[in-house]
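>>> Have a look; sequence and predicted model below, questions after that.
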Amino acid sequence: MAGKSITKVTRKKAAGRGSSRLSANGARASAAKWVGQPIRRKEENRLVSGKGIFVDDEKMPGMLHIRFVRSSYAHAKIARIDVSKAGKFPGVVCTLTGAEIKKQVQPFIEIGPGGAQKIADYPMAVDKVVFQGEPVAAVVAETRFAAEDAAELVEADYEPLPPVVTAEDALKDESLLHPAMGTNRNWHGVFEYGDVEKAFQQAAHVVHIGRLHFHRFSSTPLECNVILANWDPRSGDIEYHCNNTFPSFASQFLAPALGVRIDQIHMKSFDIGGGFGIKITSYPYMAACALASRKAGGRAVKWVETRIEHMQASAHGNERTFLDTRVALDKNGVILAIDSKHVDDCGAFPRYEPLGCVIWAQVLPATYRVKNIRIAMRQVVTNKCPVGPNRGYSRMQHLWFMERVMDICGQALGIPADEMRVRNYIRKNEMPYKTPNGCVYDSGDYASMLAMAKKLVGWDEWKKKQAAARKEGRWIGLGIGSTLDSGTNNFGQARIINPDAPFSGQSKVGIVKLDIYGEVVVSMGSVPQGQGHETAAAQVVADALNITPDLVNVRPGFDTAHNAYTGHTGTYASQFAVTGLSAIHGAAIKLRKELSRLAAWKLQAKEKDLEFGVGAQGPEVRVKGRQKAINYWALANLVNVNNAGMPESLWDITLNCRHVFHANFQIPDVKRKYGNLTLTYAAQIHAAVVEVDRETFQPKILAYACVDDCGKAVNPRIVEGQVHGAAAHGIGAALLENCGYDSDGNLLAATFSDYTPITAVNIPELLYGHMESPSPFTLNGAKGMGEGGAAPVHTICAALQDALYSSGVIIDDSHNTGDSLFHTMQKAESGAYKGMVRVEHRRAAR
Amino acid sequence: MYAAPFSYHRATSVQEAVKLLQELGEEARVIAGGQSLIPLMKMRMARPTALVDINPISSLREIETSKGELRFGALVRHADLEHSAAGATVPIIHDCAAGIADVQVRDQGTIGGSLAEADPSGDWGTALLALETSVVCFGPDGQRTVPLEEFIQDAFTTALAHDEIVTAVHVKVPPKGSAGAHLAFKRSAPVYPTASASAQLTLEDHNRCKEVRIVLGCVGLTAIRAKEAEAALRGKLLDEKNIRAAVEAARAAADPQSDMRGSADYKRMLAGALVKRAIGIAARRARGESVEAGHEYVGR
Ligand SMILES: Cc1cc2nc3c(=O)[nH]c(=O)nc-3n(C[C@H](O)[C@H](O)[C@H](O)COP(=O)(O)OP(=O)(O)OC[C@H]3O[C@@H](n4cnc5c(N)ncnc54)[C@H](O)[C@@H]3O)c2cc1C
């Protein structure tokens, strides 16, 4: 971003308990030398100089290429599929159809209970299609060209069915996507805490808010889905090279569907060009590729998704509609209770859903003290692309709703946006804070973050400028967006969705070893997509062994053959800084202990007299204050090459140390929907000044500030990069990106020309501020922070609301463009927003 | 995202290009910058059986000034024009060239290709209509020069025969006291505009409009000369009332369609807003002021 400067403000808080804290296995972490340093990323050079290894770089002998034939209809019966001409095309090895596949596989497991269990989700459509772009057949050929040419010869006839495009349509249950389920409503639950009715009786003001809508958008990673599958006829095992970002989840779906044991699925990933969660649900394509490989006689099959396929039929983020909202407030504008009905739209198949129906509850009260809450959460299926856990997954929709509630109530009662927040924020001295549904916010100081954001953006000066500009008829608004990034989830929350869900807690593994010639090697088992895991892992290990990060060889990517994975392994849900790094730290401490025992024997010293460091001959263990040392090469040699004479008491030493991270999670109380759903809560508070052009109605960001607090930042440079990325993603969502569908269920944004993903030139100068409130629950006090909570969506809506409120506008949608605001203003002129917000002032009962 | 099969041929002279087109038949197409053709081929919305690459014809990349005329070879890139002396003397050319898409597209896309493509949202077709422009075509019968008004006949349709190529674009240098502006509104940098507008004004006595052209882009099957809007200003003072009348007339001349770039009524409104701004900027430039103008999008 040439010419755009990044301004920074940093405030460090004294760590709650001194700088060294207890590690997972009880050993004290040595003083942090590298953790906390903004060192450059180890992986950067490789990735920016074209030396990354992506799936499409991989080739296997005899490899074939698959091309899917997709439905142009959103909802239709498949009358006929004829692949005979395609099958005869030169270079084609075989074809596949849904009907054929049905005989070979079980439908994928469904997470939802009851009727949702009757949804039959196959790798390809069988007798009806339920979204535009759904695969109905596939062609497997010697080259991509032949596959694509032959795919055009597949003939398909459809009998259109009435499409279900909006959540409101779905609720009518007039046209059903999955007739066996008997309804389009796949999940429902009421989340009720405190005494909501009593709070409404005691309220000084009750604000009623009409329909609010959080739109559908996605992440557009640079690299689309890519799968290379090989179903080996000799072993019956399936080998995958792919960029799925939650492979241990995918294999749990794949194995029962394909009828293999889970350990027969070997998965590998290398470098991944972005994921943001939406590659988690690529398993239907993984299954189709495996079936194609089997049919082709055990030849490897590669699929490289095109951008149009990605836009139409990979995954989008969840869309949510908020209905019948009532808010009880006291005379000072403090929110006493919220009552609302939320309808989440998960598209044609639930897949990762309905987990989103509970995940939002990790941030039930958002950043606020509100105690009495009733939210009836419902999820429906519609004839649109299935959703996947898109960055900010399920929490951002709810946080956006809560921020809209704050702004609308503030404006209705004449309380400024900043004041409204300060009055309602959870206080610093209330941390750790237990939410009404039993979650524990570990640390944070939202009011100070807001003060920093206001200062950065120049809030007070802009207020004056705004007043002057209003007189000239300009529409300038100031907005605040408070958001949370809850990280390290407790999978036990799935029981709130389905009491039979067979998983809980959270686990991650790290392996740290001294290899045969003394090199320090880390296997992470995480699936980095650009988050800098190699660097952060090296920093943690460097501190544990008192060496430098460049001496730590971190093996990127996931590989089931390396044993560095658990059932929760993947990169998702803002957690690596906690789960992955704690596991790696635990393993490094185990290795340190082994090295220390070996060195004590060899150097004839006591362990307590040893120290770790880097000497003339590389990393070593030495006797404090003496000239005696042994380097890592020699230590590794003692075990692996030259081990005669080693006392039997040391034979347990392998120098290959594995550690599994555990969080102190319990299974939630399913009936009350109560329990600790996540371990850490990073926060971001943004402030923006936005002007709506009076002639083009185009919103323009005049100033933008982001303040983040993710506890101790393991690498502040990576943290800042993540904040920038999340800010860009959110600004894109707020102003540019929308997976809109027409009333027939045609996706209107299947290319980048239509979807207009944000690029560097669209991003305003970002003013950046950083605070550290260390988490009391984690190693080093770090918190996960990669998702970022879509703060700009909240912030920009808030600023637009402020700019246009006096013109009678209520910003009721998360996506706003010049075009939509032009219509918004017309709606306001016709008085359409008059009934949308209604305020009842009561004589205060107290 | 792979094109249907095609053969590829290089031409090293305009004569050779024409000969190849004749030999290869109706389904053969010229390729210049490839910025319109290749995306369409990848989506298989265009399926030429043969491509004749004219990039080796280096004479088509020249910019000359001769007899009060700017002469651009068909292969002159948008980026060449963005940084050219022509752009500095005729600001509307700079506005247009610098605003198209992003750096990558501007480095490849050509002025000849843009006019030959005749995309109703293309910027050159709009901006150059505000000037006196003619298109030089070369075919089996030699060379002919076609005024731009006649060259672009309909959306994606030109006066070119199948075996003819554009070799140059000639633009008459506007007289002293004349200046223009080309403005466009788009959602993000690398997409076609939602609406665009060009105005070229010749002033006399500081604020009286002697001659004017107003053109609307993206709001019809071709760029639209808003002649009623021009009439509202021609020979008149550039005051608020007359400008308002011109804007109203421009809005009425627009005939937009709803699509992902914007709804029809929004585009119509935008066309008016852009015309108003273009007139304002053109007038200031005609008075000798240096004013920035160009494409507007989120973040700019
Ligand atoms: C992402 C993106 C965004 C864009 N945004 C804009 C925009 O905002 N505004 C805008 O104006 N344009 C835009 N364009 C289009 C760009 O300006 C193209 O360069 C232009 O439309 C075509 O020029 P070309 O040289 O690339 O032609 P090509 O793609 O090579 O050819 C286009 C057509 O013209 C024919 N042709 C080309 N040259 C000749 C010739 N000399 N004689 C006869 N026929 C010829 C070809 O046969 C073909 O049919 C965009 C393109 C892209 C990819």
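Great, that's in hand.

>>> Residue 129: what's it in contact with?
Going with chain A. By CB atoms under 8 Å, 6 or more residues apart in numbering or on different chains, residue A:129 lies in contact with A:71, A:73-76, A:78, A:136, A:158. C-betas here are computed from N, CA, C, even on glycine.

>>> not what I meant, chain B
For residue B:129, the residues meeting the contact criterion (CB under 8 Å, 6+ apart) are B:148-149, B:198, B:213, B:215, B:223, B:225.

>>> Based on its surroundings, how many neighbours for the closest residue in space to it that isn't next to it in sequence?
Spatial nearest neighbour of residue B:129, excluding adjacent residues (CB to CB, 6 or more residues apart in numbering or on different chains): residue B:215 at 4.5 Å. Under the neighbour criterion other CB atoms under 10 Å in any protein chain shown, residue B:215 is assigned a count of 29.

>>> same question, residue A:180
That count, for residue A:180 with other CB under 10 Å as the rule, works out to 10.

>>> do residue B:159 as well
The number of residues packed near residue B:159 is 15, by other CB under 10 Å.

>>> wait, doesn't residue A:187 sit right on residue A:355?
No: Residue A:187 sits out of contact with residue A:355 when judged by CB atoms under 8 Å, with a separation of 9.7 Å.

>>> where do the contact lists of the two overlap?
Here residue A:187 and residue A:355 have residue A:497 as joint contacts, going by CB under 8 Å, 6+ apart.

>>> which helix is the longest one in the chain?
All of this refers to chain A. Identified as the longest helix of chain A according to DSSP state H is helix A:579-603.

>>> Chain B was what I was after
As assigned by DSSP H, the longest helix anywhere in chain B is helix B:264-286.

>>> Please report how far the residue nearest the centre of chain B lies from residue A:385.
Nearest to the geometric centre of chain B sits residue B:124, at 0.8 Å (CA atoms, centre = their mean). Relative to residue A:385, residue B:124 is positioned 36 Å away (CB to CB, to the nearest Å).

>>> okay, now residue A:140: neighbour count?
The burial count for residue A:140: 28, using other CB under 10 Å.

>>> Checking it next. Helix, strand or coil?
Following DSSP: H, G, I helix; E, B strand; the rest coil, the label given to residue A:140 is strand.

>>> for the host helix or strand of residue A:488, the distance to its chain's centre please.
Following DSSP states H and E, one finds residue A:488 within strand A:475-489. Here the centre of strand A:475-489 is set off from its chain's centre by 16 Å, with CA atoms, centre = their mean, to the nearest Å.

>>> anything in that strand near chain B?
No: judged by CB under 8 Å from any CB of the partner chain, strand A:475-489 and chain B are separated, with a smallest distance of 14.5 Å.

>>> if we can go back for a sec, following element in sequence after the helix or strand the residue nearest to residue B:129 falls within, please.
Element membership for residue B:215, per DSSP H and E: strand B:208-217. Scanning forward in sequence from strand B:208-217, with DSSP H and E defining helices and strands, the next element found is strand B:224-225.

>>> Could you list every helix and strand in contact with that next one?
For strand B:224-225, the helices and strands in contact under the criterion 3 or more CB pairs under 8 Å, 6 or more residues apart in numbering or on different chains; DSSP states H and E are strand B:208-217.

>>> between the strand it packs on and helix B:264-286, how many degrees?
Strand B:208-217 runs at 140 degrees relative to helix B:264-286, counting by axes from the mean of the first three to the mean of the last three CA atoms, to 10 degrees.

>>> which of the residues in strand B:208-217 are buried?
Residues of strand B:208-217 classed as buried under the neighbour-count rule (16 or more other CB atoms under 10 Å in any protein chain shown) are B:209-217.

>>> Distance from it to the middle of the chain?
For strand B:208-217, the distance between its averaged C-alpha position and the chain's averaged C-alpha position is 16 Å (CA atoms, centre = their mean).

>>> now for that strand, which elements pack on it?
Other helices and strands packing on strand B:208-217, by 3+ CB pairs under 8 Å, 6+ apart, are helix B:123-127, strand B:178-185, strand B:195-204, strand B:224-225, helix B:227-233, helix B:240-253, helix B:264-286.

>>> I figured residue A:745 was touching residue A:384, is that so?
Yes: with contacts defined as CB under 8 Å, residue A:745 counts as touching residue A:384 at a distance of 6.7 Å.

>>> More neighbours: which of these two?
Neighbours of residue A:745 and residue A:384, each counted by other CB under 10 Å, are more numerous for residue A:384; the result is 27 against 23.

>>> distance of the residue in the stretch 151-300 of chain A that the ligand sits nearest to from residue A:764?
The minimum distance from the stretch 151-300 of chain A to the ligand, using CB to the nearest ligand atom, falls at residue A:220 (14.7 Å). The spacing between residue A:220 and residue A:764, counted by CB to CB, is 20 Å.

>>> swap in residue A:352?
Distance, residue A:352 to residue A:764, by CB to CB: 33 Å.

>>> before we move on, what about residue A:176?
Taking CB to CB as the criterion, residue A:176 is separated from residue A:764 by 45 Å.

>>> what does residue B:28 give?
Distance, residue B:28 to residue A:764, by CB to CB: 47 Å.

>>> ok, back up a step: kindly spell out which helices and strands sit in contact with the strand holding residue A:488.
With contacts defined as 3+ CB pairs under 8 Å, 6+ apart, strand A:475-489 has these neighbours: helix A:395-413, helix A:417-424, helix A:446-457, helix A:459-471, strand A:678-692, helix A:791-804.

>>> For those, give me JSON lines that also has mean neighbour count, distance to chain B and mean pLDDT.
Formatted as JSON lines, the entries for these read as follows, by neighbours: other CB atoms under 10 Å in any protein chain shown; distance: least, CB to the nearest CB, whole Å; pLDDT from 0 to 100:
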{"stretch": "helix A:395-413", "mean neighbour count": "25", "distance to chain B": "19", "mean pLDDT": "98"}
{"stretch": "helix A:417-424", "mean neighbour count": "20", "distance to chain B": "23", "mean pLDDT": "98"}
{"stretch": "helix A:446-457", "mean neighbour count": "22", "distance to chain B": "17", "mean pLDDT": "98"}
{"stretch": "helix A:459-471", "mean neighbour count": "14", "distance to chain B": "19", "mean pLDDT": "97"}
{"stretch": "strand A:678-692", "mean neighbour count": "29", "distance to chain B": "11", "mean pLDDT": "98"}
{"stretch": "helix A:791-804", "mean neighbour count": "29", "distance to chain B": "11", "mean pLDDT": "98"}
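
>>> In chain A, what residue lies closest to the ligand?
Proximity to the ligand, evaluated over chain A using CB to the nearest ligand atom, is greatest for residue A:753 at 6.3 Å.

>>> what's the neighbour count on that residue?
Residue A:753 has 15 neighbouring residues, counting by other CB under 10 Å.

>>> Contacts only, for it.
B:190-192.

>>> among the residues you listed, which are within reach of chain A?
Near chain A, taking CB under 8 Å from any CB as the test, the members of those found are B:190-192.

>>> Rebuild these as a markdown table, extending it with pLDDT, secondary structure and neighbour count.
Formatted as a markdown table, those follow (pLDDT from 0 to 100; DSSP: H, G, I helix; E, B strand; the rest coil; neighbours: other CB atoms under 10 Å in any protein chain shown):
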| residue | pLDDT | secondary structure | neighbour count |
| --- | --- | --- | --- |
| B:190 | 89 | coil | 18 |
| B:191 | 93 | coil | 21 |
| B:192 | 95 | coil | 19 |
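
>>> contacts with the ligand among those, please.
B:190-192 (CB under 6 Å from any ligand atom).

>>> and those residues as JSON lines, adding distance to residue A:315?
Formatted as JSON lines, those follow (distance: CB to CB, whole Å):
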{"residue": "B:190", "distance to residue A:315": "24"}
{"residue": "B:191", "distance to residue A:315": "24"}
{"residue": "B:192", "distance to residue A:315": "28"}
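
>>> which one of those residues sits closest to residue B:234?
Proximity of those to residue B:234 was ranked by CB to CB; the top entry is residue B:192 with 30.2 Å.

>>> ok, the closest one touching residue B:261?
Yes: the pair formed by residue B:192 and residue B:261 meets the contact definition of CB under 8 Å, at 7.0 Å.

>>> Overlap in contacts, those two.
Both residue B:192 and residue B:261 are contacted by B:121, B:186, B:218, under the criterion CB under 8 Å, 6+ apart.
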